[in-house]
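In: what follows is a protein structure lacking sequence information:
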């Protein structure tokens, strides 16, 4: 099994800032800094040049033997790191390489390219090689994400054609998708309840019980989703998957569990579009008791409009039935249109516009909702990635809302939320990095006891490379 020594060195040296341009990467000109000799009897510059020649001759194992010791010093020459990644990737493709050795080589290559991007996220050539290494390892979602950022870096036409070919293969070859995570989630208002202590009914004041006011606490949330796509012809797939999420708080009063299962066909339309039609079954529990079941369909579609822009759409319709609150039974419909614009190799913007409707048995709970969400994320030097998003939601109810509204007019809610997040790519374990998020949400309404304000945080772990 190939030793992954360079990966340990790179994690230990993650705080080192590579200030010199990377000549071997094909970016802007300049001489790369040279690390202090790892061995007194060898010349690092000569060894690097010899290793580069060995790579060009296809003698990748010999090149790695020369390069690995050079990645052990307190400072690391970026050219050495890049050559390690190139040689390890190429050696992993040699026919007859055992699976364990191939896996270790790809991990070594990924660690090398990752180390370079921590401090120089704008290096398009390095990101291209990282995307290719992920592709060879079968990590298609990560590979696609990096290839998309490569396209936003204005690469040459030949590179664009090559990347488009990889993206097409990813779309055709992807079989398993598995995502999961967990987080600590403090919240100042777990149940999203109003702080109004007095409610007025026909002009008379009534004081609310203390237990009806907002409750703060720290929750633990976890989620897991998986899907398999079975090839059914050249341009058709059969999808089958499930989603599970759980949120726990002390006392179980606000505990929630959600499970859904879906399945159906997926069609690859042309080179840049796809569509799916899925049957969907859902169940939700609240405070330890079953809340509702839902059965319906979900339609999905996506299209790559250009090298920088992708769009997606989703429409769903479910018949929802509650176990005890049967007055809330009825159909639920949602439509979402969204898109992403990768402005550069380090900046991504997202937007979504949605509409929804619930037609409950009780008229007062029937409502229509609209929402708009905008977000942006920026990859910075020194390993930091920061992001922010804002959402505005309009919800209009029907029926008589007395005594919560004056005269019983229909209820109208306006909710706005802001989310900020940050994580550092230099701090990672098996590709996962801790992410800190802050969320602030405010709902204003004309209905007594339905306004609220809440601020929450989340310490989660995200896949960054």
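Out: On my side now, so go ahead. Since we're looking at a predicted model, the values are computed, not measured. Residues are numbered from 1 along each chain as shown.
In: every contact and neighbour count from this point should use C-alpha atoms.
Out: Fine.
In: could you identify the helix or strand that succeeds whichever helix or strand residue 369 is part of?
Out: In this assignment (DSSP states H and E), residue 369 forms part of strand 367-379. Using DSSP H and E, the helix or strand that follows strand 367-379 towards the C-terminus is strand 384-397.
In: relative orientation of the next helix or strand after that next one and strand 367-379 in degrees?
Out: Later in the chain than strand 384-397, the nearest helix or strand by DSSP H and E is strand 412-424. Orientation check (axes from the mean of the first three to the mean of the last three CA atoms, to 10 degrees): strand 412-424 against strand 367-379 gives 20 degrees.
In: what helices and strands are in contact with strand 412-424?
Out: strand 384-397, strand 432-445 (3 or more CA pairs under 8 Å, 6 or more residues apart in numbering; DSSP states H and E).
In: so can I have TSV of the ones you listed showing mean pLDDT and mean neighbour count?
Out: Below are these laid out as TSV (pLDDT from 0 to 100; neighbours: other CA atoms under 10 Å):
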stretch	mean pLDDT	mean neighbour count
strand 384-397	97	18
strand 432-445	92	18
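In: so which of those strands is nearest residue 377?
Out: strand 384-397 (4.1 Å; CA to CA).
In: what lines up beside the closest one in the sheet?
Out: With DSSP bridges as the test, strand 384-397 is paired with strand 367-379 (antiparallel), strand 412-424 (antiparallel).
In: who wins for proximity to residue 355 among these?
Out: Here strand 367-379 is closest among these (CA to CA), at 4.5 Å.
In: what does the closest one contact?
Out: Contacting residues not belonging to strand 367-379 are listed as 121, 346-359, 385-398 [CA atoms under 8 Å, 6 or more residues apart in numbering].
In: chain center to it: distance?
Out: 15 Å (CA atoms, centre = their mean, to the nearest Å).
In: ok, stretch 128-148 next?
Out: 15 Å.
In: start to end distance for that stretch?
Out: 10 Å (CA to CA, to the nearest Å).
In: in TSV: the helices and strands packed on strand 412-424, plus distance to residue 373.
Out: Shown next, in TSV, are these (distance: least, CA to CA, whole Å):
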stretch	distance to residue 373
strand 384-397	4
strand 432-445	13
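In: I'd like to know which of those lies nearest to residue 419.
Out: strand 432-445 (4.5 Å).
In: which residues are in contact with the helix or strand following that closest one?
Out: Proceeding N to C from strand 432-445, the next assigned helix or strand is strand 452-463, under DSSP H and E. Residues from elsewhere that reach strand 452-463 (CA under 8 Å, 6+ apart): 181-190, 192-195, 431-444.
In: rerun that using 7 Å as the cut-off
Out: 181-189, 192-195, 431-443 (CA atoms under 7 Å, 6 or more residues apart in numbering).
In: tell me the mean pLDDT for it?
Out: Strand 452-463 carries an average pLDDT of 86.
In: and it with strand 412-424, angle?
Out: 30 degrees.
In: direction included, what does strand 452-463 pair against?
Out: When DSSP bridges is applied, strand 452-463 pairs with strand 176-187 (antiparallel), strand 432-445 (antiparallel).
In: what segments of the stretch 151-300 of the chain are helices?
Out: Ranges of helices within the stretch 151-300 of the chain are 157-173, based on DSSP state H, counting those that start in this stretch.
In: quick one: the strands in it, in order.
Out: In the stretch 151-300 of the chain, the strands defined using DSSP state E, counting those that start in this stretch lie at 176-187, 198-201, 204-207, 217-231, 236-248, 256-269, 273-286, 289-304.
In: JSON lines for these, including mean neighbour count and mean pLDDT?
Out: What follows is those, written out as JSON lines (neighbours: other CA atoms under 10 Å; pLDDT from 0 to 100):
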{"stretch": "strand 176-187", "mean neighbour count": "17", "mean pLDDT": "87"}
{"stretch": "strand 198-201", "mean neighbour count": "14", "mean pLDDT": "72"}
{"stretch": "strand 204-207", "mean neighbour count": "10", "mean pLDDT": "70"}
{"stretch": "strand 217-231", "mean neighbour count": "17", "mean pLDDT": "92"}
{"stretch": "strand 236-248", "mean neighbour count": "18", "mean pLDDT": "95"}
{"stretch": "strand 256-269", "mean neighbour count": "19", "mean pLDDT": "96"}
{"stretch": "strand 273-286", "mean neighbour count": "19", "mean pLDDT": "97"}
{"stretch": "strand 289-304", "mean neighbour count": "18", "mean pLDDT": "96"}
